[in-house]
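> sequence plus the predicted model coming up.
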Amino acid sequence: MMYVRSIFLSLAVLLGLISTLAAQDAPMQIEGARTVDARQIFDLFKSKPNLVILDNRKEEDYAAGHIEGAIRLLDTEVSPDSLAKHISAKDTPVLFYCNGVKCGRAAKAIEKAVQLGYTNVYYYALGMQEWNGEGLPVVK
(Lines give C-alpha, C1' and ligand atoms only; values in the text may rest on other atoms or scores of the structure.)
Protein backbone atom coordinates (compact mmCIF):
# COMPACT_ATOMS: atom_id res chain seq x y z
CA MET A 1 0.00 0.00 0.00
CA MET A 2 2.84 2.37 0.87
CA TYR A 3 4.42 1.65 -2.54
CA VAL A 4 1.20 2.59 -4.41
CA ARG A 5 0.87 5.82 -2.38
CA SER A 6 4.48 6.67 -3.25
CA ILE A 7 3.83 6.18 -6.96
CA PHE A 8 0.71 8.36 -6.87
CA LEU A 9 2.54 11.10 -4.96
CA SER A 10 5.41 11.00 -7.46
CA LEU A 11 2.99 11.23 -10.38
CA ALA A 12 1.18 14.16 -8.79
CA VAL A 13 4.45 16.06 -8.32
CA LEU A 14 5.51 15.31 -11.90
CA LEU A 15 2.17 16.47 -13.32
CA GLY A 16 2.41 19.65 -11.27
CA LEU A 17 5.84 20.41 -12.67
CA ILE A 18 4.72 19.74 -16.24
CA SER A 19 1.69 22.03 -15.93
CA THR A 20 3.84 24.78 -14.39
CA LEU A 21 6.26 24.59 -17.30
CA ALA A 22 3.43 24.59 -19.84
CA ALA A 23 1.85 27.66 -18.25
CA GLN A 24 4.93 29.89 -18.49
CA ASP A 25 4.24 33.40 -19.66
CA ALA A 26 5.62 34.75 -22.91
CA PRO A 27 8.66 36.99 -22.47
CA MET A 28 8.16 40.72 -21.98
CA GLN A 29 11.20 41.49 -24.14
CA ILE A 30 12.31 39.85 -27.38
CA GLU A 31 15.68 40.49 -28.93
CA GLY A 32 15.22 42.45 -32.15
CA ALA A 33 11.90 44.00 -31.08
CA ARG A 34 10.88 46.99 -28.97
CA THR A 35 8.23 46.32 -26.35
CA VAL A 36 5.44 48.91 -26.16
CA ASP A 37 2.39 49.40 -24.00
CA ALA A 38 -1.09 50.53 -25.02
CA ARG A 39 -0.35 54.25 -24.71
CA GLN A 40 2.84 53.96 -26.76
CA ILE A 41 0.85 52.39 -29.58
CA PHE A 42 -1.01 55.68 -30.03
CA ASP A 43 2.37 57.41 -30.40
CA LEU A 44 3.29 54.85 -33.05
CA PHE A 45 0.06 55.60 -34.94
CA LYS A 46 1.06 59.27 -35.04
CA SER A 47 4.78 58.95 -35.72
CA LYS A 48 4.72 56.00 -38.13
CA PRO A 49 1.89 56.39 -40.64
CA ASN A 50 3.03 53.28 -42.51
CA LEU A 51 2.82 51.10 -39.38
CA VAL A 52 1.55 47.59 -40.11
CA ILE A 53 -0.39 45.98 -37.25
CA LEU A 54 -0.49 42.20 -37.11
CA ASP A 55 -2.96 40.47 -34.81
CA ASN A 56 -1.60 37.00 -34.13
CA ARG A 57 -4.75 35.59 -32.50
CA LYS A 58 -7.26 33.00 -33.59
CA GLU A 59 -10.11 34.04 -35.86
CA GLU A 60 -12.73 34.00 -33.09
CA ASP A 61 -10.59 36.29 -30.89
CA TYR A 62 -10.00 38.67 -33.80
CA ALA A 63 -13.72 38.72 -34.64
CA ALA A 64 -14.59 39.50 -31.01
CA GLY A 65 -12.59 42.73 -31.23
CA HIS A 66 -9.23 43.91 -32.54
CA ILE A 67 -7.17 47.06 -32.83
CA GLU A 68 -8.32 49.21 -35.74
CA GLY A 69 -6.35 48.48 -38.89
CA ALA A 70 -4.98 45.18 -37.61
CA ILE A 71 -4.48 42.34 -40.04
CA ARG A 72 -5.00 38.87 -38.63
CA LEU A 73 -2.01 36.60 -39.18
CA LEU A 74 -1.84 33.60 -36.88
CA ASP A 75 1.64 32.94 -35.49
CA THR A 76 1.72 29.53 -37.17
CA GLU A 77 1.07 31.21 -40.54
CA VAL A 78 4.08 33.55 -40.32
CA SER A 79 6.37 32.85 -43.27
CA PRO A 80 8.47 34.85 -45.72
CA ASP A 81 5.53 34.98 -48.15
CA SER A 82 2.83 35.85 -45.60
CA LEU A 83 4.92 38.67 -44.11
CA ALA A 84 5.89 40.03 -47.54
CA LYS A 85 2.20 40.07 -48.49
CA HIS A 86 1.45 42.58 -45.72
CA ILE A 87 4.75 44.37 -45.11
CA SER A 88 6.30 46.27 -48.03
CA ALA A 89 9.91 46.16 -46.82
CA LYS A 90 11.85 44.55 -43.99
CA ASP A 91 12.40 47.96 -42.39
CA THR A 92 8.70 48.91 -42.46
CA PRO A 93 7.45 49.41 -38.89
CA VAL A 94 5.35 46.45 -37.78
CA LEU A 95 3.51 45.86 -34.51
CA PHE A 96 2.67 42.34 -33.35
CA TYR A 97 0.13 41.55 -30.64
CA CYS A 98 -2.06 38.77 -29.29
CA ASN A 99 -4.07 38.26 -26.09
CA GLY A 100 -1.10 39.01 -23.83
CA VAL A 101 1.70 37.18 -22.08
CA LYS A 102 -0.49 34.17 -21.27
CA CYS A 103 -1.14 33.77 -25.01
CA GLY A 104 2.38 33.98 -26.46
CA ARG A 105 1.40 33.97 -30.13
CA ALA A 106 2.86 37.43 -30.79
CA ALA A 107 6.16 36.42 -29.20
CA LYS A 108 6.39 33.39 -31.50
CA ALA A 109 5.48 35.47 -34.56
CA ILE A 110 8.08 38.12 -33.70
CA GLU A 111 10.82 35.54 -33.25
CA LYS A 112 10.10 34.28 -36.77
CA ALA A 113 9.96 37.81 -38.23
CA VAL A 114 13.26 38.81 -36.63
CA GLN A 115 14.88 35.60 -37.90
CA LEU A 116 13.61 36.52 -41.37
CA GLY A 117 15.36 39.90 -41.15
CA TYR A 118 12.60 42.32 -40.15
CA THR A 119 14.25 45.22 -38.34
CA ASN A 120 11.57 47.70 -37.25
CA VAL A 121 9.55 45.40 -35.01
CA TYR A 122 7.32 46.42 -32.10
CA TYR A 123 5.98 43.98 -29.54
CA TYR A 124 2.78 44.68 -27.65
CA ALA A 125 3.45 42.04 -25.00
CA LEU A 126 0.42 42.82 -22.82
CA GLY A 127 -1.83 42.68 -25.88
CA MET A 128 -5.60 42.64 -25.79
CA GLN A 129 -5.67 41.87 -22.09
CA GLU A 130 -4.28 45.33 -21.35
CA TRP A 131 -6.07 46.99 -24.30
CA ASN A 132 -9.49 45.80 -23.15
CA GLY A 133 -8.63 46.47 -19.50
CA GLU A 134 -7.90 50.09 -20.43
CA GLY A 135 -11.26 50.33 -22.22
CA LEU A 136 -9.57 51.25 -25.51
CA PRO A 137 -11.53 51.05 -28.76
CA VAL A 138 -11.83 47.84 -30.74
CA VAL A 139 -13.22 47.02 -34.16
CA LYS A 140 -15.51 44.02 -34.64
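Nice, I can see it. Numbers count the residues shown, from 1 in each chain.

> now do the helix or strand containing residue 96, average pLDDT.
Assigned by DSSP states H and E, residue 96 belongs to strand 94-97. The average pLDDT within strand 94-97 is 98.

> helix or strand right after it?
Following strand 94-97 in sequence, per DSSP H and E, is helix 105-115.

> which other helices and strands contact that next one?
strand 94-97, strand 121-124 (3 or more CB pairs under 8 Å, 6 or more residues apart in numbering; DSSP states H and E). To be clear about C-beta, it is placed using only N, CA and C from the backbone, and glycine gets the same treatment.

> now these as TSV including distance to residue 136?
Shown next, in TSV, are those (distance: least, CB to CB, whole Å):
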stretch	distance to residue 136
strand 94-97	12
strand 121-124	11
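
> now mean neighbour count too, for those, in TSV please.
Output for these, formatted as TSV (neighbours: other CB atoms under 10 Å):
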stretch	mean neighbour count
strand 94-97	28
strand 121-124	24
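
> which ones are touching the residue nearest the centre of the chain?
Computing the C-alpha centroid of the chain and ranking residues by CA atoms, centre = their mean puts residue 106 first, at 1.9 Å. Residue 106 makes contacts with 26, 56, 75, 96-98, 123-125, 127, as judged by CB atoms under 8 Å, 6 or more residues apart in numbering.
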